[in-house]
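Colleague: this is a predicted model, with the sequence first.
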Amino acid sequence: MKKNIILITLAIFALTNYAIAQKTKKENNRIIFTNLSKLDDYRQVYPKCCHFYNSSEDYYQNKPVENIEWSPNSYFQTFGAEKIEVVKNEKKENIKISELGYDWMSDEYGMLMRLYNKKAYIVVVDGPLCYYIQFKNGRAVGQPDGTYNYYADQKFFTFYSYTLSGEINEAKEKVFLEYFDKYGLKDKYKNEKVKYDEDAITKKLVKYIKLANQKAAKK
């Protein structure tokens, strides 16, 4: 009896420590983006954030357009129009996303964004099959170890295109399964179990899109 009580006590202690560790981990991840307010603060962590680019190649080569940037956390909607605060030649102005005049920019966390049909999309995967999260309907937040955590602000709106210049369409599991099947990854994808939350599900999908893209690039 005494032995059982000891075992139960140890089990409760272990579970309590695990819960505390998980909470601390989540809080540490949350700090990465909640303690940042000004652009300079963001750029201490994400040097490529809040820029505009003339092309996606310029993004990868770290060649942003000079004398223009946008303010983090400045996104808002008015009468259905999405706007952000743009700083050009040190002058601030709220501009509609549909009227920015650029096809490429970076978000608050340094992720490449593509502007298409008057909407902004975060490029999560660039390759033969591209995967996107619609700006402000989900976030891909960089972590110190170089990975990304995914968060849904309201509803998680995701999209895809074939190559980075292709037509952007709403993401559908059927499209991804057909793509994975083409490269022998469909069964592995379906059989891999993950937690039922946006972060884990997105990480799994991104993992297999990248694997399939690697196989596609070799052909």
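Modeller: Yes, it's here.

Colleague: where in this structure is pLDDT low?
Modeller: 1-37, 144, 146, 153-155 (pLDDT under 70).

Colleague: skipping its backbone neighbours, what lies nearest the residue most central in space within it in space?
Modeller: Central residue of the chain (CA atoms, centre = their mean): A140, 2.1 Å from the mean position. Of all residues not flanking A140 in the chain, Y148 sits nearest, at 4.7 Å (CB to CB, 6 or more residues apart in numbering). (C-beta placed from N, C-alpha, C; glycine too.)

Colleague: the one you found: neighbouring residues, count only.
Modeller: 18 (other CB atoms under 10 Å).

Colleague: ok, the one 10 residues further on next?
Modeller: The local packing of T158 (other CB under 10 Å) involves 20 other residues.

Colleague: what is the nearest residue to K63 once chain neighbours are set aside paired to in the beta sheet?
Modeller: Distances taken as CB to CB, 6+ apart place Y53 nearest to K63, at 7.2 Å, with adjacent residues excluded. Counting by DSSP bridges, Y53 forms beta bridges with W104.

Colleague: so Y53 makes contact with N62?
Modeller: No - using CB atoms under 8 Å, Y53 makes no contact with N62, being 9.5 Å away.

Colleague: ok, those two, which is more surrounded?
Modeller: Y53 (22 against 10).

Colleague: next one: that one from R139, what distance?
Modeller: 20 Å (CB to CB, to the nearest Å).

Colleague: contacts for stretch 182-195?
Modeller: F176, L177, F180, A200, I201, K203, K204, Y208, L211, A212, K215, A216 (CB atoms under 8 Å, 6 or more residues apart in numbering).

Colleague: my bad, should have said stretch 206-216
Modeller: 124-125, 127-129, 131, 176, 179-180, 182-185, 188-189.

Colleague: try 7 Å this time
Modeller: V124, V125, G127, P128, L129, Y131, F176, Y179, F180, Y183, L185, Y189 (CB atoms under 7 Å, 6 or more residues apart in numbering).

Colleague: okay, among those, which ones form the most distant pair?
Modeller: The largest distance within the contacts of stretch 206-216, taken as CB to CB, falls between V124 and Y183 and amounts to 18.8 Å.

Colleague: since we're on Q77, how many residues are nearby?
Modeller: Quick note: Q77 (other CB under 10 Å) scores 10 neighbours.

Colleague: ok, now which ones touch it?
Modeller: So Q77 contacts nothing (CB under 7 Å, 6+ apart).

Colleague: sheet-wise, list the partners of the host helix or strand of it with their directions.
Modeller: Per DSSP states H and E: Q77 is located in strand 76-78. The strands beside strand 76-78 in its sheet (DSSP bridges) come out as strand 81-88 (antiparallel).

Colleague: can you pull the buried residues of the partner strand?
Modeller: E82, K83, I84, E85, V86, V87 (16 or more other CB atoms under 10 Å).

Colleague: do the same with stretch 65-76
Modeller: Buried-residue list, stretch 65-76, by 16+ other CB under 10 Å: V65, I68, E69, W70, S71, P72, S74, Y75.

Colleague: just stretch 188-203 next, same as before
Modeller: Applying 16+ other CB under 10 Å to stretch 188-203 flags Y189, E198, D199, T202, K203 as buried.
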